[in-house]
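Chemist: Sequence and predicted structure are below.
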Amino acid sequence: SQQGEEDPQALSIQEGENATMNCSYKTSINNLQWYRQNSGRGLVHLILIRSNEREKHSGRLRVTLDTSKKSSSLLITASRAADTASYFCATAFTGTASKLTFGTGTRLQVTL
Amino acid sequence: DGGITQSPKYLFRKEGQNVTLSCEQNLNHDAMYWYRQDPGQGLRLIYYSQIVNDFQKGDIAEGYSVSREKKESFPLTVTSAQKNPTAFYLCASRLSSTDTQYFGPGTRLTVL
């Protein structure tokens, strides 16, 4: 399947630092979304960026999209212990807008 | 409260038995999805339904079956034909005019 690849697989930072996660994909997309998952729970939608957008902000989150490189990044600024979770990118490919393809995720650990 | 509910939270099954996982939503969403998540992995799409009485296979439909007789309900049956059913199962729904999926809390299935 056309699954996105995320980098790094795991990230450990201290509270107050910024966390950056990257996602790469293979074919043209309609949009790219980021979701968060706390251990053993369902996913929560964070932010969506469309293929004609380059950057989007939501609170402490900043998402960029480079369609020429088929990549996206999620930046969490001033991280908190409560940000500890797994973060997934999900892509909706051109022609299949009703389906999402998820990456393998980045596990973020924020320590005090 | 509006949302998506999945039951049960934990499910144990003996090999050779079929089991049905429940997913209900009161968000009036048109589309519903079933995903499977294995440890340390992303989500893989099993089945999805965009309207009542219609559903499509996802990437890993073999050994699973679904029905969509009501808009608010999308049960998933894990059959004995599924070779490795132990996993975390997530249900999601989406309003057809948007691209964001909303997830339930998940059901953890263990085959003994």
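Modeler: Okay, I see it.
Chemist: Return the set of buried residues in stretch A:53-66.
Modeler: Neighbour counts over stretch A:53-66 (16 or more other CB atoms under 10 Å in any protein chain shown) mark A:61-65 as buried. In this view, the C-beta of every residue, glycine as well, is placed from N, C-alpha and C.
Chemist: pLDDT and secondary structure added to the residues you listed, as CSV?
Modeler: Supplementary listing: these in CSV, determined by pLDDT from 0 to 100; DSSP: H, G, I helix; E, B strand; the rest coil:
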residue, pLDDT, secondary structure
A:Leu61, 98, strand
A:Arg62, 98, strand
A:Val63, 98, strand
A:Thr64, 98, strand
A:Leu65, 98, strand
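Chemist: So which residues of chain A form helices?
Modeler: Under the criterion DSSP state H, chain A carries no helices.
Chemist: how about the residues of it that lie near chain B?
Modeler: A:1, A:3-4, A:30-31, A:33, A:35, A:40-45, A:48, A:88, A:90, A:92, A:97-105 (CB under 8 Å from any CB of the partner chain).
Chemist: quick revisit: quick check: the farthest pair among the buried residues of stretch A:53-66?
Modeler: Using CB to CB, the two most remote members of the buried residues of stretch A:53-66 are A:Leu61 and A:Leu65, lying 13.3 Å apart.
Chemist: still on that earlier bit, just the buried residues of stretch A:53-66 now: which is nearest B:Gln56?
Modeler: When the buried residues of stretch A:53-66 are compared against B:Gln56 (criterion: CB to CB), the nearest one is A:Leu65, at 27.4 Å.
Chemist: For chain B, see how far away that closest one is.
Modeler: 14 Å (CB to the nearest CB, to the nearest Å).
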